[in-house]
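> I'll drop the sequence and a predicted model, then ask my questions.
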Amino acid sequence: MIKKILSPIIYIVFLVPFLIGTIWIITTVERTTGFLFDMSGFVELSFLILTLGTLLFWLANCAMAGFEKLLNPTSLDHFRQASLYYLIVVCTLTSLLRYGYHGGLGEAFLLMYLLISIWAIIINAIFLYRRYKVNSI
């Protein structure tokens, strides 16, 4: 029971190195070469979410699977494991819909949290689906 409570916390902890790495890489790229297509880092951020995010979130799912010893996951396992990311999505969408997007730094971070959280949810769903398919054969 404790393992099922701790697994969402394990999954959200992987957000910290991802955010630190992403911000560090984006600022380094901006200072050294500049952003591609003068799009304020959108291309670079998208690339980082797809590469670094996939790697870190896949490792987080492997860690959770090893920690929980979950053999046949269900959709409820997905919602439990990704629950904190769903909470981030709801909070950021609520904030953006309530106050709007005016192009500030805080709103940019909200959009980044939103995109990263959605990607973490997708990675968790794919991981658990693949684990279910492999173990159900």
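Okay, I see it.
> can we go C-alpha only for contacts and neighbour counts from here?
OK.
> just checking, what packs against the worst-scoring helix or strand of the chain on mean pLDDT?
Every helix and strand in the chain was compared by mean pLDDT, DSSP states H and E; the lowest is helix 42-48, with a mean of 83. Counting contacts by 3 or more C-alpha pairs under 8 Å, 6 or more residues apart in numbering; DSSP states H and E, helix 42-48 packs against helix 15-32.
> so what does the helix it packs on touch, helix or strand wise?
helix 42-48.
> Which neighbouring elements make contact with the very next helix or strand once past the helix it packs on?
Sequence order places helix 54-68 as the next helix or strand after helix 42-48, per DSSP states H and E. If contacts are counted by 3+ C-alpha pairs under 8 Å, 6+ apart, helix 54-68 sits against helix 2-13, helix 105-136.
> For the shortest one, give the mean pLDDT please.
Over the span of helix 2-13, the pLDDT mean works out to 88.
> which outside residues touch it?
By C-alpha atoms under 8 Å, 6 or more residues apart in numbering, the residues outside helix 2-13 that reach it are 57, 60-61, 64, 67-68, 80-85.
> at 6 Å what do you get?
Contact partners of helix 2-13, identified using C-alpha atoms under 6 Å, 6 or more residues apart in numbering, comprise 60, 64, 68, 81.
> Not counting its neighbours along the chain, what's nearest the last one?
For residue 81, ignoring the flanking residues on the chain, the nearest one in space by C-alpha to C-alpha, 6 or more residues apart in numbering is residue 8 at 4.5 Å.
> Give me the neighbour count for the one you found.
20 (other C-alpha atoms under 10 Å).
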